[in-house]
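1. Show me how the following folds:
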Amino acid sequence: MKLVRLAVLLMICSGFCFAVNKDMLALQRELEDKISALQNDMNTKLSTMNGMLTAIQADSRRNAELISGMQDSVSSGVTRSMTPVTGLTNRVDAVGEDVRSLKDALADITARMERMDAKITDLKNQMQIMQSPPPAPSATGITVTTPTGSATNPPQSTLIPQVPTPVGSGPATGPKPPAGMSADRSFAEAMRDLQTGKSDLAYNEFQQYLTYFPSTEFAAKAQYYLGDIDYNRGNYTAAIRNFDLVLERYPENPKTADAHLMKAYALLKVKQNNQAVQELRILVANYPHTDDARKAIQQLRALAVPASGGPAPANTAARP
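-> Below is the predicted model of the structure:
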């Protein structure tokens, strides 16, 4: 009986297992079909994307070639356009070098002429010394003895008064300098002392130079530096006087424009604004293309007055 039951149970289980295996096989085949279809679809899409990527790469290469060609064309055009500009720049540089060389040559010629002028002045002074030797020592009188005489009429002595030599009767160019004093060397020493900060010593040397060499090329500069030293000392009245002497005695010299400008600054310091504005306007009118004229225009703008016409304001500021 047990065997029958076991056989029946085995038959039922084997039938059930067969049915389950059949369903599993069908499900597996269906799943394989779906996977195959999905894979085919993905392969199709990948092929499409690869084609699109290849086309994009080809377009990118063509665009890169076009851009490279455009860059070469632009570079060539810019190079051709810049060629005349480069040539012009080179010419301007060459002209600038020529101008600088010319300025250096002119400065050298001016310095040589100044040295020659100083040497000529020294020669004139030496010739004057040679032509006019120093007078004999003065005396209250000279005793002259008469050649005749006898025992009853002895020789007589007569006192002849000596006329003194007038003082200050030197040449129009100034008194004779001491022996060994040179215009060139004196001015160089004064400038060296000024540049090394010995302004008091330089001031005295410039005064001495003007005493003995008032008509040389360096005289205007010496007079100007006296005014400049006075200005830096704060002695503005004396500075104005010295700058005036530059303009009166040496109206045409390299320091004329500087003298106008510095005189205007000194006038502003002593609150003489109208006179200062007048000096600045004279400077702008007579020396319009100089650095001093540019400074004068800046000062006039600071004073809020035009370059010509109109009074100066009551209060103002001068050069620091």
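
2. burial count for Trp63?
-> Quick fix: residue 63 is Asn, not Trp. 10 (other Cβ atoms under 10 Å). Every residue, glycine included, has its C-beta placed from N, CA and C.

3. Name the helix or strand for it, please.
-> helix 2-131 (DSSP states H and E).

4. tell me the mean pLDDT for that helix?
-> Computed over helix 2-131, the mean pLDDT rounds to 75.

5. Could you do stretch 267-281 as well?
-> For stretch 267-281, the per-residue pLDDT averages 94.

6. End to end on it, go ahead and measure it.
-> Counting by Cα to Cα, to the nearest Å, you get 14 Å between the two ends of stretch 267-281.

7. Quick check: buried residues in it?
-> Within stretch 267-281, the residues scored as buried using 16 or more other Cβ atoms under 10 Å are 267-269, 272-273, 275-277, 279-281.

8. what domains does the record give for the protein?
-> 20-85, 183-302 (automatic domain parsing).

9. now, of those domains, which is deepest in the fold?
-> The highest mean neighbour count among the domains of the chain, using mean count of other Cβ atoms under 10 Å, belongs to domain 183-302: a mean of 19.

10. Distance to Arg91 added to the domains of the chain, as JSON lines?
-> Shown next, in JSON lines, are these (distance: least, Cβ to Cβ, whole Å):
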{"stretch": "domain 20-85", "distance to Arg91": "10"}
{"stretch": "domain 183-302", "distance to Arg91": "23"}
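
11. For the stretch 101-250 of the chain, which segments are assigned as strands?
-> Assigned by DSSP state E, counting those that start in this stretch, the stretch 101-250 of the chain shows strands spanning 142-145, 157-160.

12. Over stretch 200-215, what's the mean pLDDT, rounded is fine.
-> Stretch 200-215 comes out at a mean pLDDT of 94.

13. Same question for stretch 237-247.
-> 96.

14. Need the residues that contact that stretch.
-> Outside stretch 237-247, the residues that touch it by Cβ atoms under 8 Å, 6 or more residues apart in numbering are 220, 223-224, 226-228, 230-231, 253, 255-256, 259-260, 262-263, 266-267, 270.

15. Tabulate the CA atom coordinates of that stretch in CSV.
-> Below are the C-alpha coordinates for stretch 237-247, written out as CSV (Å, rounded to 0.1, in the frame of the first residue of the first chain):
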residue,chain,number,x,y,z
THR,A,237,63.6,140.4,-2.3
ALA,A,238,67.3,139.9,-3.1
ALA,A,239,66.3,137.1,-5.4
ILE,A,240,64.0,139.4,-7.4
ARG,A,241,66.8,142.0,-7.6
ASN,A,242,69.3,139.4,-9.0
PHE,A,243,66.8,138.0,-11.5
ASP,A,244,66.1,141.6,-12.6
LEU,A,245,69.8,142.1,-13.2
VAL,A,246,69.8,139.0,-15.4
LEU,A,247,67.0,140.4,-17.5
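
16. Offset the numbering so it begins at 867, please.
-> Sure, I'll start counting at 867 from here, so that last one is stretch 1103-1113.
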